[in-house]
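Visitor: here is my input; please provide its structure:
(one chain, ligands or ions: 1)
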Amino acid sequence: MLSEPAVRIRGLVKRYGPKAAVDGLDLDVAPGSVTAVLGPNGAGKTTTIETCEGYRRADAGTVRVLGLDPVADAARLRPRIGVMLQSGGVYSGARADEMLRHMASLHARPLDVDALIERLGLGSCGRTTYRRLSGGQQQRLALAMAVVGRPELVFLDEPTAGLDPQARRATWELVRELRADGVTTVLTTHFMDEAEELADHIAIIDAGRVVAQGSAEELCRGGAENTLRFTGRPGLDVGSLLKALPDGSAAAELTPGEYRITGEVDPQLLATVTSWCAQHGVLPHGISVERHTLEDVFLELTGKELRG
Ligand code: ATP
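Guide: This is a model prediction of the structure:
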């Protein structure tokens, strides 16, 4: 039997004035998975996540988190989820280690606080108040606060924005460990590599709706064409080559002697091209097959580059 999604969103609409920040969004998050929500600035990622966390009320549609309504059932839901907000949400005059220990004390089975501090490289900030921590330290502390209660589900809003590479790696490791522990993670990110590294499922959202979703592999396979390039003598009969290729392919001589084929580039197409070359006495140099990256798919769907 399939288990119920950890998060189930149907037809979510959230308006700020006349403008719909989220405009009929549907999303399921499988229990125990890592789901990355990708989208350009202003796409509605934070609004969606904050609605799941119970910080914003939906104008229309339904949101269920661990089977509960995030607003009506907030008291029952809050102890079961961990939340890392994009900015702060932490009392700025308190000391880092005090806050973390306090948070741990509110939960029945918290993680080991000292291990977590060590893990996230927060050892040197224990006695420092939150407001005096660097941006990266504040962020790592917010992450620690989100996970210390050993939640069933964590929401991480841009967890690694502005972190140095080492802290970023440590954050990724932590997310992987949460996953191994059966924790469900929903994160927003502007980093394609982060989504590819961590996520079982990626939802690309634009203008308040999910425009594509699947694993990184599925998105790259389904979203766009692939490219095959080679160099050969200039002036080859591209029309004749194209006739040998399956429907939907395109072939072009970009600059003299530099050829590009786009379409469903599979082993059979590669064999067809090399066999056509053999028949025409052409020795192709530098054959390369380029898979479309998640970034290409994203650009194609949204027309926008991801910016932090
Ligand atoms: P980013 O990647 O920049 O964080 P996002 O995808 O998280 O963007 P949201 O923060 O959800 O997007 O914002 C979606 C839209 O709603 C934006 O146009 C934003 O300006 C608007 N918006 C968000 N919060 C409010 C608010 N409190 N009042 C008015 N408009 C808002």
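Visitor: alpha carbons of the longest helix along the chain, as PDB, please.
Guide: Ranked by residue count under DSSP state H, the longest helix found in the chain is helix 165-180. What follows is helix 165-180, C-alpha atoms only, in PDB (Å, rounded to 0.1, in the frame of the first residue of the first chain):
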ATOM      1  CA  PRO A 165      31.900  25.600   0.500                       C
ATOM      2  CA  GLN A 166      32.800  23.800   3.700                       C
ATOM      3  CA  ALA A 167      29.600  24.800   5.600                       C
ATOM      4  CA  ARG A 168      27.700  23.900   2.500                       C
ATOM      5  CA  ARG A 169      29.100  20.400   2.500                       C
ATOM      6  CA  ALA A 170      28.400  20.000   6.200                       C
ATOM      7  CA  THR A 171      24.800  21.100   5.500                       C
ATOM      8  CA  TRP A 172      24.500  18.500   2.700                       C
ATOM      9  CA  GLU A 173      25.900  15.800   4.900                       C
ATOM     10  CA  LEU A 174      23.300  16.600   7.600                       C
ATOM     11  CA  VAL A 175      20.500  16.500   5.100                       C
ATOM     12  CA  ARG A 176      21.700  13.100   3.900                       C
ATOM     13  CA  GLU A 177      21.800  11.800   7.400                       C
ATOM     14  CA  LEU A 178      18.300  13.100   8.100                       C
ATOM     15  CA  ARG A 179      17.200  11.200   5.100                       C
ATOM     16  CA  ALA A 180      19.000   8.000   6.200                       C
END
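Visitor: what is the mean pLDDT for it?
Guide: Averaged over helix 165-180, pLDDT sits at 92.
Visitor: and the helix or strand of the chain with the lowest mean pLDDT, how far out from the chain middle?
Guide: In the chain, the helix or strand scored least confidently by mean pLDDT, DSSP states H and E is helix 216-223, which has a mean of 76. Its chain's C-alpha centre and that of helix 216-223 lie 14 Å apart, by Cα atoms, centre = their mean, to the nearest Å.
Visitor: name the helices or strands packed onto it?
Guide: Applying 3 or more Cβ pairs under 8 Å, 6 or more residues apart in numbering; DSSP states H and E, one finds that helix 216-223 contacts strand 201-206, strand 209-214, helix 294-302. Where you see a C-beta, it was placed from the backbone N, CA and C, and this is true even at glycine.
Visitor: and the helix or strand following it, C-alpha only, in CSV?
Guide: Next along the chain after helix 216-223, taking DSSP states H and E as the criterion, comes strand 226-231. The C-alpha trace of strand 226-231 is given here as CSV (Å, rounded to 0.1, in the frame of the first residue of the first chain):
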residue,chain,number,x,y,z
ASN,A,226,20.4,16.4,-26.3
THR,A,227,23.3,17.5,-28.5
LEU,A,228,26.0,15.6,-30.5
ARG,A,229,28.9,17.5,-31.9
PHE,A,230,31.8,16.5,-34.1
THR,A,231,34.3,18.1,-36.4
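Visitor: so which elements touch whichever helix or strand comes after strand 226-231?
Guide: Per DSSP H and E, the first helix or strand lying C-terminal to strand 226-231 is helix 238-244. Helices and strands touching helix 238-244, by 3+ Cβ pairs under 8 Å, 6+ apart, are strand 250-255, strand 258-263, helix 267-279.
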